[in-house]
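>>> Below is the sequence, then the predicted model.
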Amino acid sequence: MDNPRQRDYNVKNGAMSISDRRGPMENLIFGAFATLEGYREGDSANLGRAAYDRCTVVALCSAKAQNPGCTVALVTNAPPPQPFLGQLKEAGVEVWDCPFTAYCVPAETNWALAYYKLCAMDWVLANRDFARAAMIDLDTYTQYPLDDLWREAGEAVLFYQVPHAAGQGMAQAISRIYDAVCPEGAPHVLTHFGGELVAGSKPRLQALMEHCRRYFTQMQQAGITPREGDEAVWCGAAYRSLLAGQPVRAANAYIFRYWLGGRFYFVSTNYVLDPVCILHLPGAAKERQLKLLYRSYSRKGVFPPPARVHRLCCLPAARPPLLATLRVRLLAHLPD
């Protein structure tokens, strides 16, 4: 079913042009995807286009299903092929063409394509009118509306704060990059923010991107290309925002990064207890849990109930182990 405020799409020669027929948006949710020949998707072998197209449908169609009053869009330099494009349109997701012309790094750089998120945010700020926006990663699943996030977005820029101590390898590297760019005052200790959620009001996001552009330019002038991808830029910009008195808050009440691998299983019961709105499912989940969610959505046109999604994601029971709990209680009642 078409959204009554739907844009007109004209697909010609594999590209998509869009004529906008409406006024300012209140709340915007968008994801960014780019592909360039030879460019690296992450720090391991590229998964290929089909895996990301499936994830895109899950991420943006679930966001639209939970937030029907919000504009939801894919910002891309390469619109998805069928059937993915049709599934996005049918759900009311818009597709906006944005060339990858800014924040470009050498193709062989780890996370080279992740820098497109910075390019996409710049493009959205320059070309779309909205009150508040949230850019989400495309390996996510939205299970609840973002109403409370929009309330906070007017007060501060919101990022997912990665639970890394200052001495953790990636967090330490991000701080050292900042030291190399800005040696005065070193050593600096930056908070490790992830790039899976960046939200705020339009004026606050514009101020953030001014810091991003300046910091990225300084890194290039210093001959630095971070192996940590776009997160190194977001973290440096967030640090400078705070120094300038521009609020930055953790968005961890709204999104959590669930690692579902066999060797690295890092999860929480916050999917159901004081639940987050967005499940971020990186790594192997792209070809496992998200693939199965896409398959279910393709067959039925709706996503499974939350309890089934949680079981599919192999998330732990949101209750303590019965026998171990009883044992502890009994031991606690024994006399000293």
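Good, I have the coordinates.
>>> CA atoms for contacts and neighbours, from now on please.
OK.
>>> what about the longest helix along the chain, distance to the chain center?
Longest helix in the chain, counting residues (DSSP state H): helix 202-221. Mean-position distance between helix 202-221 and its chain equals 18 Å (Cα atoms, centre = their mean, to the nearest Å).
>>> Just list what that helix packs against, helices and strands only.
helix 116-127, strand 130-136, strand 157-161, helix 230-243 (3 or more Cα pairs under 8 Å, 6 or more residues apart in numbering; DSSP states H and E).
>>> List the buried residues for it?
202, 204-206, 208-209, 211-213, 215-216, 218-219 (16 or more other Cα atoms under 10 Å).
>>> For it, the averaged confidence score.
The predicted model assigns helix 202-221 a mean pLDDT of 98.
>>> May I have that helix exported as PDB, CA atoms only?
What follows is helix 202-221, C-alpha atoms only, in PDB (Å, rounded to 0.1, in the frame of the first residue of the first chain):
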ATOM      1  CA  LYS A 202      18.500  19.100  12.500                       C
ATOM      2  CA  PRO A 203      20.400  22.000  14.000                       C
ATOM      3  CA  ARG A 204      22.300  19.600  16.400                       C
ATOM      4  CA  LEU A 205      23.200  17.300  13.600                       C
ATOM      5  CA  GLN A 206      24.400  20.200  11.500                       C
ATOM      6  CA  ALA A 207      26.700  21.300  14.300                       C
ATOM      7  CA  LEU A 208      28.000  17.700  14.700                       C
ATOM      8  CA  MET A 209      28.700  17.400  10.900                       C
ATOM      9  CA  GLU A 210      30.700  20.600  11.000                       C
ATOM     10  CA  HIS A 211      33.000  18.900  13.500                       C
ATOM     11  CA  CYS A 212      33.100  15.700  11.400                       C
ATOM     12  CA  ARG A 213      34.100  17.600   8.200                       C
ATOM     13  CA  ARG A 214      36.800  19.500  10.000                       C
ATOM     14  CA  TYR A 215      38.200  16.500  11.900                       C
ATOM     15  CA  PHE A 216      38.200  14.300   8.700                       C
ATOM     16  CA  THR A 217      40.000  17.000   6.800                       C
ATOM     17  CA  GLN A 218      42.600  17.300   9.500                       C
ATOM     18  CA  MET A 219      43.100  13.500   9.500                       C
ATOM     19  CA  GLN A 220      43.700  13.500   5.800                       C
ATOM     20  CA  GLN A 221      46.200  16.400   6.100                       C
END
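>>> what does it contact?
Helix 202-221 has contacts (Cα atoms under 8 Å, 6 or more residues apart in numbering) with 103, 121-122, 125, 130-133, 156-157, 181, 199, 225, 233-234, 236-238, 240-241, 246.
>>> Now with 6 Å, please.
Outside helix 202-221, the residues that touch it by Cα atoms under 6 Å, 6 or more residues apart in numbering are 131-132, 237.
>>> and of the buried residues of helix 202-221, the nearest to G229?
F216 (11.3 Å; Cα to Cα).
>>> rewinding a little: now tabulate the buried residues of helix 202-221 in a markdown table and tack on distance to A59.
As requested, the buried residues of helix 202-221 are exported to a markdown table (distance: Cα to Cα, whole Å):
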| residue | distance to A59 |
| --- | --- |
| K202 | 22 |
| R204 | 25 |
| L205 | 22 |
| Q206 | 25 |
| L208 | 24 |
| M209 | 24 |
| H211 | 28 |
| C212 | 25 |
| R213 | 27 |
| Y215 | 30 |
| F216 | 28 |
| Q218 | 33 |
| M219 | 32 |
